[in-house]
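Engineer: how would this look folded up:
(one chain, ligands or ions: 1)
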Amino acid sequence: MDREKIEGRDHVVRGTAAGGQIRAFAADARELTETARQAHDTSPVATAALGRMLTAGVMMGVMMKGEKDLLTLQIRSQGPLQGITVTADPHGNVKGYVGNPHVCIPANAQGKLDVAGAVGEGSLQVIKDLGLKEPYLGQTELQTGEIAEDLTYYFAASEQIPSSVGLGVLMDKNNTVRQAGGFIIQLMPDTQEEVIARLEKNIRGLKPVTTMLESGLTPRQMLETVLDGFDVEVLGTAPCRFYCNCDRQRVEKALISIGEKEIEDMIREGKDVELNCHFCNSHYIFTPEDLRRLVDRSDIFGGVRCMSKAKVLHDLYEQCRSIEFDESYDLLKEARDKEEEDFFRVVTDFILRQKQKAVVREKRS
Ligand SMILES: [Zn+2]
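Structural biologist: Numbering: from 1, shown residues only. You can find the predicted model right below:
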């Protein structure tokens with residue numbers, strides 16, 4: 001066993017094989033799945049579904065190249081689980097939630113947790129925010145609802161990349177997570193026929209992910225098993241974790257955005273307001289006094305705080321246009337500090353340009 005396994009630390013391994021014709025990812029995601037289970041108090045079948053999505057998310061996150069890229073995987077479906085949402089970054093951070101964390105349904109015909117039954121029919125969406133103007137968006141219909149097969153289909157149909165995805169979550173008797181992990185194997189364009197044939201043979205003979213993890217295989221060994229007969233080159237190993245970047249400040253921003261009138265109504269009710277983060281289920285409590293402070297602090301435009309910022313700027317524009325040229329330089333004397341003086345200078349320049357345009361128009365006519 002390697003060091004990471006002994007320390008029990010989750011990690012993703014990235015590699016290639018067959019001279020770069022295959023790229024491969026594998027992850028141990030036991031701890032992050034258990035963290036998610038505890039945060040959301042998920043039932044065993046909900047834990048299995050969420051754990052599979054988190055494992056896929058963390059590997060697909062690592063596939064992205066840009067520092068600030070962001071991946072969102074979303075299943076919108078009819079089953080009792082009411083959908084799954086996961087987001088991941090390229091640094092091994094992943095977070096997510098299911099619509100109904102407490103769903104309980106009978107085991108499937110094989111006596112296993114019925115993830116497909118909990119998920120139901122629906123679609124899989126992949127959104128990649130790569131810092132471009134528009135995010136990349138891919139969507140495919142769910143094939144089985146078991147998630148690994150749905151992702152395999154997604155890669156083929158939407159990204160035209162032949163792939164093999166294996167995901168697994170094994171629960172302990174006390175309903176904590178015993179094992180979680182998976183792999184993604186992808187074929188690059190122009191892969192040789194014999195490479196494909198060998199890989200297909202390997203995958204047909206492969207044991208389930210949970211069996212491999214349970215027998216003590218690390219992600220690296222899992223890759224070597226899937227890619228048996230190929231020279232596997234490991235390109236990197238990175239720790240991964242369940243991590244949410246929410247904090248009180250972000251929640252305050254969201255609260256302010258619902259509008260001052262609504263917050264005033266809450267203050268009048270005199271009760272504490274509790275907001276929960278979807279992704280990590282952290283609770284944020286605001287007392288009426290907290291809300292009052294928020295409203296006062298959001299008062300960035302002084303006496304005009306009921307107006308939208310756009311309205312304030314529209315009004316400012318109209319006011320500036322009406323300032324006479326002679327008056328404009330007096331403005332500068334009125335400035336209270338250097339910053340305000342700079343702002344007034346911009347306004348003065350604006351008025352000056354208006355004046356020049358008017359002079360040109362007059363001359364022409
Ligand atoms: Zn959060």
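Engineer: what helices or strands is the helix ranked longest in the chain leaning on?
Structural biologist: If you go by DSSP state H, the chain has its longest helix at helix 338-364. With contacts taken as 3 or more C-beta pairs under 8 Å, 6 or more residues apart in numbering; DSSP states H and E, helix 338-364 sits against helix 309-322, helix 325-334. (Each C-beta comes from the backbone N, C-alpha and C, glycine too.)
Engineer: Tell me which of these approaches the ion most closely.
Structural biologist: Nearest to the ion, of all the helices and strands packed on helix 338-364, is helix 309-322, at 27.2 Å by C-beta to the ion.
Engineer: Kindly calculate the angle that that closest one makes with helix 325-334.
Structural biologist: Interaxial angle, helix 309-322 versus helix 325-334 (axes from the mean of the first three to the mean of the last three C-alpha atoms, to 10 degrees): 120 degrees.
Engineer: Give me the buried positions along helix 309-322.
Structural biologist: Neighbour counts over helix 309-322 (16 or more other C-beta atoms under 10 Å) mark residue 320 as buried.
Engineer: coming back round to it: and the helices and strands packed on helix 338-364 as CSV, adding mean pLDDT?
Structural biologist: Converted to CSV, the helices and strands packed on helix 338-364 look like this (pLDDT from 0 to 100):
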stretch, mean pLDDT
helix 309-322, 77
helix 325-334, 75
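Engineer: per-residue confidence averaged over the longest helix of the chain?
Structural biologist: When pLDDT is averaged over helix 338-364, the result is 82.
Engineer: just to revisit the earlier point, mind putting the helices and strands packed on helix 338-364 into TSV with distance to residue 154?
Structural biologist: Converted to TSV, the helices and strands packed on helix 338-364 look like this (distance: least, C-beta to C-beta, whole Å):
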stretch	distance to residue 154
helix 309-322	40
helix 325-334	59
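Engineer: Out of these, which gets nearest to residue 158?
Structural biologist: helix 309-322 (37.7 Å; C-beta to C-beta).
Engineer: hmm, back to that, export the helices and strands packed on helix 338-364 as TSV, with columns for distance to the ion.
Structural biologist: As requested, the helices and strands packed on helix 338-364 are exported to TSV (distance: least, C-beta to the ion, whole Å):
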stretch	distance to the ion
helix 309-322	27
helix 325-334	46
